Every structure is written in C-alpha cells, then in structure tokens.
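Student: Structural data only, the sequence is not supplied:
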C-alpha cells in the first residue's frame, strides 16, 4: 500500500498490476475499491511521480457517471484558479480499452485504510 505521499507502506502482491498504463501516463499500482459500477485504483504519474486515483466504469454502462463526475470537478475548480479542500483535481477523462476512465488527485488514505491503521477503533477525540 502507498501513503498519500507515494511511499510504500506494504506491498499487496495480489492486487499489484504495475504493467497497466492509463492514458499513456499513469501506471496502476493497486486496487483501492471495487463496487457494482466502478473500480478504483491508486496509480502513479510516470513523468512526475504524482500519486493519483483512477476510476474505471464499463464504457457500455446504461447510466455512465464518470463523465458527469468529471464535469462537476471542472465546475468546482473553474479554470484552474481556485482550490477547494476535499474536492480532487481531475487530471484526465477518456476511454481506455473498454472503460471510461477518470484520473484525479489522490486525497489520501481511504476510510478503510484509516480504520485498519487504528485497528478498527475511532480515536477518542473524534467520537465525542
């Protein structure tokens, strides 16, 4: 697993898929989450080393959502002049093989990772 700064914490060999390159620029590292519609991976920009999140959805899905999600990020950030905490910057939207793909800024560890780190217990200052 990688931290938000891209440092290796532990290597998950089962989910490691380093050979896949998205958009000719981002190399997938490991799977973050899988749902009924999307698959989310952590990836690294091969040029800059930036750690990003990559969402995939099937291109032939009945109600695609990644295009709308990309438009919402564009709307929030305008022409690239503003920065809103907690809203990721989008890096790329397009079709990769049989999937719609959205590449965005990786905001940090997932809630699942944080719970694992805290051994399933919420810190006392957050629970009150």
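Tutor: Structure received. Given the structure is predicted, the values throughout are model-derived calculations rather than measurements.

Student: The lowest-mean-pLDDT helix or strand in the chain packs against which elements?
Tutor: Lowest by mean pLDDT, DSSP states H and E among the helices and strands of the chain is helix 111-117, with a mean of 78. Contacts defined by 3 or more Cβ pairs under 8 Å, 6 or more residues apart in numbering; DSSP states H and E place helix 111-117 against no helix or strand at all. C-beta here means a position set from N, CA and C on the backbone, and glycine is covered the same way.

Student: so the nearest residue to residue 50 once chain neighbours are set aside bridges to which residues?
Tutor: Among residues not flanking residue 50 along the chain, residue 44 sits closest, at 7.1 Å (Cβ to Cβ, 6 or more residues apart in numbering). Beta bridges link residue 44 to residue 27, residue 51 when assigned by DSSP bridges.

Student: residues in contact with residue 44?
Tutor: By Cβ atoms under 8 Å, 6 or more residues apart in numbering, the contact list for residue 44 reads 6, 26-27, 29, 50-52.

Student: For the residue nearest the centre of the chain, give its distance to residue 93.
Tutor: Geometric centre of the chain, nearest residue: residue 53, 1.8 Å, by Cα atoms, centre = their mean. Residue 53 sits 13 Å away from residue 93, taking Cβ to Cβ, to the nearest Å as the criterion.
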